[in-house]
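Enquirer: here are the coordinates; sequence isn't available:
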Ligand code: NDP
């Protein structure tokens, strides 16, 4: 195979978990040469100026300067662990991917959770959606499920993503979080498609008690197909086996001050003591015919599929059972992208998903470099890379396919056509002019229907969930200007008049103007 063709052996330090050798090894520099007195600095006399020839000092200082890589923008603050996915139920009628082909089959995985808006060192207990990404090291290549803990999102057009995230981050002048920007963005009529996600975010699920106590959702529709070429739209749900548990707004704020890494610590300590968190994985499926009868678009990320009409079907279990040995190597360098998929699982035309297919892999190239697939945690180690075109580039550390020609020659034996994995060219047929399409300029009533349904779900729970929702919105909204508060009351009134009334009563007592 390719590994054996290298004339230079791969560097052992390129492997995960490189450890100090046994015994009493000499200290060396970064190139393996022994050095004496690593803390000594070469100088003229005892207290004279330092010498350029002290390459140990120079290397230490210079490497330290380069320890940080660009943090993710967004999803900078993350925690993660290794684990496995186990098939519990046969879904080969829906999806022929290798990881699902046998009940009981286990596929190794890596999961990274995150908050969205905060920087890398920010508190992980704040109100925010949570990222929930899992990499499956399958025999058909790496598959990334890049999900969130909410089933919907704030936008349905990726052109809005940078603007929206800017409002969640810092004001360019004050360098402070800016409630005016937040509430100005959300209350602009055409941005009110975010209303369903706002009800999720400001319910107590916006402050989960831990990563172990929240669900994960694909949000987007994906297209999965079986061996016969039949295909369905699919949504994935990962339901926590630990039960949903949230903090109240005040509990979360208190914890943010007391221990801003509370959720990282919770995940690490539970796994370390053998209390492994798990999630039961379900799918919802929809035919193309059914999708045409929906009152909303199947490609609209602000909508869920009603569970009575599209019941959950169990697939398997995700278990997290090993902490990383090295956070930077295994979690900071972990690179997830929805474009990393495997045969029989494809992206739908959901425009936000289509945008993510570009943006995530591009973010990883920027953070980690063009050869980020060679970093051990990203390497498809259960599969094999047979691609003579992906060559060279910064930090190429795997031998670069040695003397293998760097194009498909007339003599090499690559298999271009895989009859057992047909391209799904019959799935959906798209025609039309190339136009700058603006998906409704203002949120219509249909965009409020599921937000109202969720408001009623909260009401049925009988543990003050509706009151908490109103309170959580009011506390945030009170920081915004009066004119924006007024816009917000009208918007929440379209969800339910009682909600708008409760928000207004509290926000106006808290507001300073
Ligand atoms: P259902 O009554 O069948 O489903 C309601 C779902 O709401 C539950 O299955 C549960 O999903 C979720 N839920 C329960 N409590 C809360 C809470 N406190 N905060 C957020 N979600 C909660 O009705 P529908 O399927 O018609 O959905 C009604 C509303 O429920 C939707 O508008 C949506 O906002 C919300 N919802 C729907 C989901 C779906 O896939 N249909 C998924 C999640 C929320 P779970 O077990 O996943 O927590």
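Expert: Perfect, thanks for sending it. Please read all numbers here as calculations on a predicted model, not as lab measurements.

Enquirer: and the nearest residue to residue 312 once chain neighbours are set aside, what element?
Expert: Sequence neighbours aside, residue 282 is the residue nearest to residue 312 in space, at 3.9 Å (criterion: C-beta to C-beta, 6 or more residues apart in numbering). Glycine gets a C-beta too; all of them are placed from N, C-alpha and C. Residue 282 is part of strand 278-286, with elements assigned from DSSP states H and E.

Enquirer: partner strands of that strand and their direction?
Expert: Strand 278-286 pairs in its sheet with strand 231-240 (antiparallel), strand 313-322 (antiparallel), by DSSP bridges.

Enquirer: what element comes up after the first one heading to the C-terminus?
Expert: The helix or strand immediately downstream of strand 231-240 is helix 249-258, counting by DSSP H and E.

Enquirer: in the helix or strand following that following helix, which residues are buried?
Expert: Later in the chain than helix 249-258, the nearest helix or strand by DSSP H and E is helix 262-272. In terms of neighbour count (16 or more other C-beta atoms under 10 Å), helix 262-272 has its buried residues at 262-264, 266-268, 270-271.

Enquirer: pull up the residues of the protein that are close to the ligand.
Expert: 151, 200, 203, 205, 215, 237, 239, 304-308, 450, 453-454, 457-458, 461, 465 (C-beta under 6 Å from any ligand atom).

Enquirer: now name the helix or strand holding the residue nearest to residue 90 when sequence neighbours are not counted.
Expert: The spatially closest residue to residue 90, leaving aside those adjacent along the chain, is residue 103, at 6.0 Å (C-beta to C-beta, 6+ apart). Residue 103 belongs to no helix or strand when assigned by DSSP H and E.

Enquirer: and residue 107, what helix or strand is that in?
Expert: Counting by DSSP H and E, residue 107 is part of strand 106-115.

Enquirer: just checking: what are the partner strands of that strand?
Expert: By DSSP bridges, strand 106-115 pairs with strand 78-87 (antiparallel), strand 130-138 (antiparallel).

Enquirer: got the contact list for residue 171?
Expert: Contacts for residue 171 were tallied using C-beta atoms under 8 Å, 6 or more residues apart in numbering; they are 177-178, 181.

Enquirer: helices along the stretch 351-500 of the chain, start to end?
Expert: Under the criterion DSSP state H, counting those that start in this stretch, the stretch 351-500 of the chain contains helices at 351-368, 446-460, 465-477, 482-493, 497-510.

Enquirer: could you export those as JSON lines, including mean pLDDT?
Expert: JSON lines is the format used below for the helices of the stretch 351-500 of the chain (pLDDT from 0 to 100):
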{"stretch": "helix 351-368", "mean pLDDT": "98"}
{"stretch": "helix 446-460", "mean pLDDT": "97"}
{"stretch": "helix 465-477", "mean pLDDT": "98"}
{"stretch": "helix 482-493", "mean pLDDT": "98"}
{"stretch": "helix 497-510", "mean pLDDT": "98"}
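
Enquirer: need the winner for burial among those helices.
Expert: helix 465-477 (a mean of 21; mean count of other C-beta atoms under 10 Å).
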